[in-house]
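> Task: produce atomic coordinates for the following.
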Amino acid sequence: MKILVIGQDPNLFNKNSESFKRVKKYASLFNEYHIISASPKGFKPLRENNLFLWPTDSRIKILRFFDLLILSKKIIKKFKIDIIDAQDAGEFGLIAYILSRWFRLPFRIQVHTDVFSPYFRGASLKERIRYYLAVFLIPKADCLRVVSERIKNSIISHIAYRI
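Residues are numbered from 1 along each chain as shown. Next comes the predicted model:
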């Protein structure tokens, strides 16, 4: 299986970082494990065995969304990706969703925080937008990966409430 992960972690490009060591272990589970990371200018692609790390190398922060989209399309076509994974149910989830519809691929969302908590959406305008993206995207995902039982229960109760 070939998987494409869309997210943001500049530490991935440091072979001594915990992030790099973690994704290297994940890569052992797949034929190819591609990660695109929204990153500022200066990062270079990195490959180690079946792990492929792709920086957006964006000049302007606001354009990273489009850089992620364009780079993802190229990688999906070139490497014949089987599934798209998003680091969150926010902007990265939106990119994964768009790509999954274009290429008719399944997509998974990783949920690392309780996006349905009123404290989350009350934190800032950016978090409120991410909340609405999560409300839209989570029910459309083919698979969710949550980091805790509490987050799992929050998602189940929110989705059950909306049905």
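> going forward, measure contacts between C-alpha atoms and count neighbours the same way
Noted.
> which stretches of this protein have low pLDDT?
Flagging of the chain using pLDDT under 70 yields the residue ranges 160-163.
> For the chain, just list every one of the strands.
2-7, 32-37, 46-48, 51-55, 83-86, 107-111, 143-146 (DSSP state E).
> Just send the ones you listed back as CSV, with mean neighbour count and distance to K77 too.
Converted to CSV, the strands of the chain look like this (neighbours: other CA atoms under 10 Å; distance: least, CA to CA, whole Å):
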stretch, mean neighbour count, distance to K77
strand 2-7, 22, 11
strand 32-37, 24, 13
strand 46-48, 12, 18
strand 51-55, 22, 15
strand 83-86, 25, 12
strand 107-111, 24, 16
strand 143-146, 16, 22
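> Tabulate the ones you listed (CSV), appending distance to P118.
Putting these into CSV (distance: least, CA to CA, whole Å) gives the following:
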stretch, distance to P118
strand 2-7, 24
strand 32-37, 29
strand 46-48, 39
strand 51-55, 33
strand 83-86, 23
strand 107-111, 16
strand 143-146, 18
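> Could you measure from K61 over to K41?
Distance, K61 to K41, using CA to CA, to the nearest Å: 10 Å.
> just checking, what's the longest helix in the chain?
The residue-count maximum for a helix in the chain (DSSP state H) belongs to helix 64-79.
> Can you spell out which helices and strands pack onto it?
Helices and strands touching helix 64-79, as assessed by 3 or more CA pairs under 8 Å, 6 or more residues apart in numbering; DSSP states H and E, comprise strand 2-7, strand 32-37, helix 91-103.
> who's in contact with P45?
When contacts are counted by CA atoms under 8 Å, 6 or more residues apart in numbering, P45 touches 52-55.
> try it again with 7 Å
If you count contacts by CA atoms under 7 Å, 6 or more residues apart in numbering, P45 has them with 53-55.
> Return stretch 63-71 as CSV; C-alpha atoms alone will do.
Extracted C-alpha coordinates of stretch 63-71, given in CSV (Å, rounded to 0.1, in the frame of the first residue of the first chain):
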residue,chain,number,x,y,z
LEU,A,63,0.3,30.1,-0.2
ARG,A,64,1.2,26.8,1.6
PHE,A,65,-2.3,25.6,1.1
PHE,A,66,-2.0,25.8,-2.7
ASP,A,67,1.6,24.5,-2.6
LEU,A,68,0.3,21.5,-0.7
LEU,A,69,-2.5,20.9,-3.2
ILE,A,70,-0.2,21.2,-6.2
LEU,A,71,2.6,19.0,-4.8
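> From Y97, how far off is A89?
A89 is 10 Å from Y97, by CA to CA.
> Compare the two (neighbour count), which wins?
More neighbours surround A89 than the other of A89 and Y97, with 29 against 26 (other CA atoms under 10 Å).
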